[in-house]
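Engineer: kindly return the folded structure for what I paste below:
(one chain, ligands or ions: 1)
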Amino acid sequence: MGERRGRRTFALKESMALSLSPYGCRSDEEEDMAVFESTAAEHGGMARPRLPEISVISPGLEARPTFLQPKVAVKPGGGEPGGASERVKVFLRIRPLTDSERVNEQGCVAIQDEETLLLKAPNESQNMRTAERGITQSIHKFSFSKIFGPETTQQQFYEGTMKKMVTDVLKGENRLLYTYGVTNSGKTYTIQGSGRETGLLPRALVSLFRKVQGRLYGAMDLKPVMSQDVRQLDTGEIEAEEIRRNSLLKEDENQTSGRAGTTTVWDSGIGGLSSTTHTATQLEDTNSVCLDPDSLSLSGGSDLEEGVQFSIWVSFYEIYNEFLYDLLDASPSQQPRKRVTLRLSDDKQGNPYVKDLTWIQIRSAEEAWRILKAGHRNQSFASTHLNQNSSRSHSIFSIRVLHVHPEATSGQAMHISELTVCDLAGSERCKEQRNGERMKEANNINTSLLTLGRCIAALRHNQNNKSRPPQVVPFRDSKLTRVLQGFFCGRGTSCMVVNINPCTSIYDETLQALKFSAIATQLVHGPSTKTRVAYILSLLREPAANNAEGSLIEEEEDESDVEDGDITLLNTESLLQAIDVLKREVWRQREEKEVLEANVREQVVSEMMEVIKGMQEGFTETLEAERALIEERYEDKISNLQKHLKKFYNQELKERDQEIEALAAALEEKRKEDGQPTTAPLVESEGPRRSHRISSQTELNRLRAELDQSRAELLTKTQELVNLRMKLEVPGSAGALTTAADRKLQEGQRNLRQLRLDLQKLGVDLQSGERACCRNTGGNKLRHTLTAADETLAKQSQILLELQNDLTLVKADLRRKAETLAGRAQLPTTFATPTTPGSCTKRGCVGTTATNSENRPPQKRPFFQSLFPTRTPSSKYNRRAAEETSLTPYSRILRSRQPSPPPSPIPTPRSIRGKY
Ligand SMILES: Nc1ncnc2c1ncn2[C@@H]1O[C@H](COP(=O)(O)OP(=O)(O)OP(=O)(O)O)[C@@H](O)[C@H]1O
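Structural biologist: Model (predicted):
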């Protein structure tokens with residue numbers, strides 16, 4: 001699953017990478033390569049697909065299964081001598097390295113055999129970088145019709161490539177030869193030559209004239225027009241043609257005689273004067289076509305049709321920045337002058353041609369040579385960073401041969417054949433052009449070359465996929481492809497010369513050029529697509545055949561019949577019928593395209609879904625792994641934190657215990673000083689936390705017990721007091737006193753209740769603190785709990801103090817009351833009336849009470865004694881003892897808890913007495 005996913009992802013990546021190919025569309029061998037490369041992962045079983053070490057860019061048609069072989073219609077009567085199914089010839093020429101280029105040479109180009117070239121990426125190339133990332137290969141293998149090495153001479157190259165084409169043209173065929181390659185790779189050198197090393201074109205011209213020697217049609221009354229037509233010229237036109245020809249030849253003579261570095265500047269017509277300069281070109285080096293005596297054989301002339309004469313016309317134009325300029329429409333007397341741009345038109349058959357293009361009849365190779373030179377002077381060259389004399393335009397030199405039958409009647413169709421030689425401008429990196437004009441030129445050059453590549457790829461696709469709907473071949477997207485369209489659509493054959501410079505520094509560009517040519521090697525000659533008119537006619541003749549399955553062969557056979565048809569011959573009814581048929585065809589094609597689009601979308605969506613699913617799974621796995629890792633890491637962190645917190649709080653507790661111990665010791669010492677009994681130490685010898693808990697618990701229990709005891713005691717006392725009050729029924733101030741005492745007692749009870757509540761709360765807090773300690777919860781919480789507990793303890797201590805004060809006050813009140821009673825009891829007996837208890841007056845009652853104090857119930861005395869200690873003992877010891885006796889258990893607790901004796905709010909009996 002993972003492998004499959006990886007493979008698909010890689011295929012997608014590969015397809016994305018390939019979609020950026022300079023050819024604009026993805027070729028089949030790229031598809032093959034992508035599939036091939038992507039399947040490598042399946043066998044390798046690796047996460048990343050392992051690429052084959054060598055990419056075979058040009059697998060060739062032979063290796064394809066028979067069902068993929070293109071079906072090509074063969075013209076009835078064998079119109080194509082070489083066989084229409086013959087593959088397009090692609091020749092490779094490698095130019096020798098210059099001395100400066102040899103310095104950093106890494107031997108990246110190697111000829112394996114006559115047809116196979118090996119390319120090995122140099123270290124610093126882009127290709128090597130991508131190869132290192134595993135996206136592509138670093139070694140590439142290309143197949144060609146024939147490879148010509150650096151040592152190949154011009155003659156050898158001519159013989160191996162163009163020689164046969166010349167013969168074919170004289171036999172009535174149309175031929176195109178075009179050079180393709182990176183700038184400075186030797187294209188112009190190949191076409192035109194240099195010095196005595198003349199190129200293909202001069203050789204072809206010489207060869208042509210040698211072949212037609214003695215059969216040249218010298219009259220100028222027949223002139224080629226449009227794409228494939230001939231026009232009979234009248235006398236005036238003939239004269240005009242003569243003048244034009246002679247002026248051009250004269251111009252060449254003048255230029256040659258006064259050459260010596262003259263420079264012609266032409267207005268490009270696009271934005272002021274062109275920056276194009278003319279240096280002494282390679283052609284200027286020679287005054288005539290210089291060929292070795294044995295370089296051209298005279299053989300072939302016997303193959304020519306009997307009784308036919310040949311009229312040879314030439315044209316020369318260039319495509320510069322997507323504008324067409326006639327290179328033979330020049331007049332040296334008017335310089336600089338604005339160049340006239342030419343227009344492209346279609347003839348009746350829909351074949352494009354250059355309107356108003358100058359055609360010059362030539363009668364010898366020498367004349368052709370001079371015309372070529374004259375035109376070459378008008379061509380756009382400039383110095384670039386790679387080439388001192390770089391062609392900045394695509395130049396197209398055409399030779400039209402009129403096959404004239406002198407005895408033929410005027411109505412007899414004349415045959416025309418054509419040889420076109422196209423020197424394409426070199427592809428180059430725009431970013432390397434620093435000059436704005438050069439940049440613009442490079443852009444236009446690259447755009448037209450890109451379109452040419454797209455056309456070739458579409459043609460090849462249509463040839464190889466007959467069963468599928470044909471792709472639109474984008475001939476109309478550039479001027480170059482439009483003018484060359486006929487040669488790719490069955491009106492002739494083309495041949496490509498790929499020039500490369502084996503220099504390491506331009507390896508990547510060279511690789512791209514070779515990839516481009518690899519597509520062309522898979523093209524076959526023949527009418528793979530129909531011109532628009534022929535297509536319409538075919539639809540009219542066989543409307544049903546287009547929809548019927550299995551009608552492919554018949555349809556193809558019919559192509560030859562309809563190809564030469566003329567739509568203007570149809571009447572209105574037929575034209576209306578044609579419109580209907582075309583409408584249906586449009587709908588049919590639209591439906592087809594929609595289905596195709598839907599299929600493509602579906603495939604893309606399913607691929608994407610699979611990729612997304614794979615990514616999702618991958619992410620989920622990663623997420624799980626990450627989560628586990630993070631959990632583990634945080635568990636470690638938490639345990640570390642717990643350990644440290646434990647340590648910290650142990651330390652804290654220890655310190656607190658020490659503090660408590662110190663306080664307890666101080667308290668004990670104080671008690672000892674005060675002569676009070678010592679209490680048990682608060683801190684146990686157990687661990688700090690435990691000791692603290694135990695001491696808190698013990699303290700709590702003890703406090704609770706004492707509280708209960710105090711409450712019980714208070715209740716008893718209150719009860720006794722109430723009873724006493726009832727018995728005494730003291731009026732006036734005594735009543736106020738008891739009321740005050742009652743109020744104090746009630747307050748005391750309230751305080752005690754509050755104290756109990758606080759103690760309960762303290763117990764809860766202590767327990768929660770203990771739990772917090774046990775659970776090792778956050779240190780802050782524990783600290784807060786402890787602080788709260790401390791605060792509660794302090795508050796309770798305060799409450800107890802207040803309570804103690806209240807009690808003291810109550811005692812004082814009672815004491816005062818007792819004193820009042822005692823005072824009354826000491827009144828003279830004369831005032832005392834012996835009365836029965838309960839019926840005496842206030843004074844008498846008091847006296848009776850005092851007198852009968854011995855008769856009081858025995859249980860009341862201790863209370864009074866405790867409340868009102870005898871004031872007679874005046875010594876310190878006795879007073880202290882009396883205080884000790886007067887202390888309630890609760891006040892004793894308070895005292896035991898106070899580190900230092902609190903400032904006694906208890907007024908001395910003297911002061912109380914003084915006050916009252
Ligand atoms: N086969 C060869 N033998 C010797 N010299 C060559 C060969 N091919 C090219 N050269 C030299 O290389 C240089 C560049 O060649 P040329 O101008 O033909 O390149 P180009 O591809 O036409 O460049 P551009 O596309 O920029 O016009 C010239 O100086 C030419 O003489």
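Engineer: residue contacts, Thr481?
Structural biologist: Ser448, Thr451, Leu452, Cys455, Pro474, Phe475 (CB atoms under 8 Å, 6 or more residues apart in numbering). C-beta here means a position set from N, CA and C on the backbone, and glycine is covered the same way.
Engineer: closest to the ligand among those?
Structural biologist: For these, the residue nearest the ligand by CB to the nearest ligand atom is Ser448; the value is 13.1 Å.
Engineer: buried sites along the one helix or strand the closest one maps to?
Structural biologist: Secondary structure from DSSP states H and E places Ser448 in helix 436-464. Buried residues in helix 436-464, counting neighbours by 16 or more other CB atoms under 10 Å, are found at 437-438, 440-442, 444-464.
Engineer: quick one: mean pLDDT for that helix?
Structural biologist: What helix 436-464 shows for mean pLDDT is 79.
Engineer: again with stretch 586-599
Structural biologist: 87.
Engineer: that older thread, any chance of JSON lines for the contacts of Thr481, columns distance to Thr420?
Structural biologist: Below are those laid out as JSON lines (distance: CB to CB, whole Å):
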{"residue": "Ser448", "distance to Thr420": "16"}
{"residue": "Thr451", "distance to Thr420": "18"}
{"residue": "Leu452", "distance to Thr420": "14"}
{"residue": "Cys455", "distance to Thr420": "16"}
{"residue": "Pro474", "distance to Thr420": "20"}
{"residue": "Phe475", "distance to Thr420": "15"}
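Engineer: out of those, which touch the ligand?
Structural biologist: Among those, not one lies near the ligand by CB under 6 Å from any ligand atom.
Engineer: kindly report the residues of the chain close to the ligand.
Structural biologist: Close to the ligand, as judged by CB under 6 Å from any ligand atom, the chain has residues 95-96, 181, 183-189, 194, 387, 389-391, 425-426, 499.
Engineer: which residues are in contact with Val401?
Structural biologist: Val169, Leu170, Leu208, Val212, Phe310, Ser311, Ile312, Ile416, Ser417, Glu418, Leu419.
Engineer: state the distance from it to Asp326.
Structural biologist: For Val401, the distance to Asp326 (CB to CB, to the nearest Å) stands at 21 Å.
Engineer: repeat for Thr235
Structural biologist: 24 Å.
Engineer: hey, C-alpha coordinates of stretch 582-593 in CSV?
Structural biologist: C-alpha atoms of stretch 582-593 as CSV (Å, rounded to 0.1, in the frame of the first residue of the first chain):
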residue,chain,number,x,y,z
LEU,A,582,-20.3,21.1,-39.2
LYS,A,583,-22.7,22.0,-36.5
ARG,A,584,-23.3,18.3,-35.7
GLU,A,585,-19.5,17.8,-35.8
VAL,A,586,-19.0,20.6,-33.4
TRP,A,587,-21.6,19.2,-31.0
ARG,A,588,-20.1,15.7,-31.4
GLN,A,589,-16.6,17.0,-30.7
ARG,A,590,-17.9,19.1,-27.8
GLU,A,591,-19.5,16.1,-26.3
GLU,A,592,-16.4,14.1,-26.8
LYS,A,593,-14.3,16.7,-25.1
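Engineer: buried ones in that stretch?
Structural biologist: Counting neighbours by 16+ other CB under 10 Å, stretch 582-593 gives Glu585 as buried.
Engineer: before we move on, the earlier item: more crowded one of Thr235 and Asp326?
Structural biologist: Asp326 (20 against 8; other CB atoms under 10 Å).
Engineer: ok, and the closest non-adjacent residue to the residue in the stretch 101-250 of the chain positioned nearest to the ligand?
Structural biologist: Here the residue of the stretch 101-250 of the chain nearest the ligand is Gly186; by CB to the nearest ligand atom that distance is 2.7 Å. The shortest distance from Gly186 to any non-neighbouring residue, by CB to CB, 6 or more residues apart in numbering, is to Arg95 (3.8 Å).
Engineer: for that neighbour, grab phi and psi.
Structural biologist: phi -90, psi 150 (degrees, to the nearest 10).
Engineer: run through the stretch 251-400 of the chain and note the low-pLDDT ranges.
Structural biologist: Along the stretch 251-400 of the chain, the parts satisfying pLDDT under 70 run over 252-303, 330-337, 380-389.
Engineer: which residues of it fall in strands?
Structural biologist: 309-320, 323-326, 341-346, 352-355, 360-362, 381-382, 390-391, 394-404 (DSSP state E, counting those that start in this stretch).
Engineer: how about TSV for those strands, with distance to Lys593 added?
Structural biologist: Shown next, in TSV, are the strands of the stretch 251-400 of the chain (distance: least, CB to CB, whole Å):
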stretch	distance to Lys593
strand 309-320	32
strand 323-326	33
strand 341-346	25
strand 352-355	26
strand 360-362	46
strand 381-382	43
strand 390-391	39
strand 394-404	32
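Engineer: next SSE downstream of the helix or strand harbouring Lys654?
Structural biologist: Element membership for Lys654, per DSSP H and E: helix 572-674. Next helix or strand after helix 572-674 toward the C-terminus (DSSP H and E): helix 688-728.
Engineer: list the helices and strands that following helix packs on?
Structural biologist: helix 572-674, helix 733-775, helix 779-825, helix 860-867, helix 889-897 (3 or more CB pairs under 8 Å, 6 or more residues apart in numbering; DSSP states H and E).
Engineer: by how many degrees do that helix and helix 779-825 diverge?
Structural biologist: Angle between the axes of helix 688-728 and helix 779-825 is 20 degrees (criterion: axes from the mean of the first three to the mean of the last three CA atoms, to 10 degrees).
Engineer: between helix 572-674 and helix 688-728, find me the angle.
Structural biologist: Relative orientation of helix 688-728 and helix 572-674, computed by the same axes, to 10 degrees: 60 degrees.
Engineer: before we move on, the earlier item: and the helix or strand following the helix holding Ser448, which residues are buried?
Structural biologist: Going down the chain from helix 436-464, the next helix or strand is helix 479-488, by DSSP H and E. Under the neighbour-count criterion of 16+ other CB under 10 Å, helix 479-488 has Lys479, Leu480, Thr481, Arg482, Val483, Leu484, Gln485, Gly486, Phe487, Phe488 buried.
Engineer: these two touch, right, the second one and Ile319?
Structural biologist: Yes - using CB atoms under 8 Å, Leu480 and Ile319 qualify as a contacting pair, with a distance of 5.5 Å.
Engineer: which neighbours do these two have in common?
Structural biologist: The contact lists of Leu480 and Ile319 share His394, Ser448, where a contact means CB under 8 Å, 6+ apart.
Engineer: contacts only, for the residue of the stretch 501-650 of the chain found nearest the ligand.
Structural biologist: Distances between the stretch 501-650 of the chain and the ligand by CB to the nearest ligand atom are smallest at Asn501, namely 7.7 Å. When contacts are counted by CB under 8 Å, 6+ apart, Asn501 touches Ile94, Arg95, Leu97, Glu101, Gly181, Val182, Asn184, Ser185, Gly186, Thr510.
Engineer: for the helix holding Lys654, name the packing helices and strands.
Structural biologist: helix 2-19, helix 532-541, helix 688-728, helix 779-825, helix 889-897.
Engineer: repeat that for 6 Å
Structural biologist: helix 532-541, helix 688-728 (3 or more CB pairs under 6 Å, 6 or more residues apart in numbering; DSSP states H and E).
Engineer: any idea which of those helices has the lowest pLDDT on average?
Structural biologist: Among the helices and strands packed on helix 572-674, helix 532-541 scores lowest, at a mean of 61.
Engineer: per-domain residue ranges of the protein.
Structural biologist: Per the record, the chain has its domains at 53-529, 684-915, by automatic domain parsing.
Engineer: thinking again about what came up before, what about the residues of the chain next to the ligand, which are in strands?
Structural biologist: If you go by DSSP state E, these have Gly181, Ser194, Ser390, Ser391, Asn499 in strands.
Engineer: farthest pair in those residues?
Structural biologist: Greatest spatial distance among those (CB to CB): Gly181 and Ser194, at 16.2 Å.
Engineer: out of the buried residues of helix 479-488, flag the one nearest to Glu713.
Structural biologist: For these, the nearest to Glu713 is Thr481 (121.0 Å; CB to CB).
Engineer: do you know the pLDDT at that closest one?
Structural biologist: Confidence at Thr481, expressed as pLDDT, is 90.
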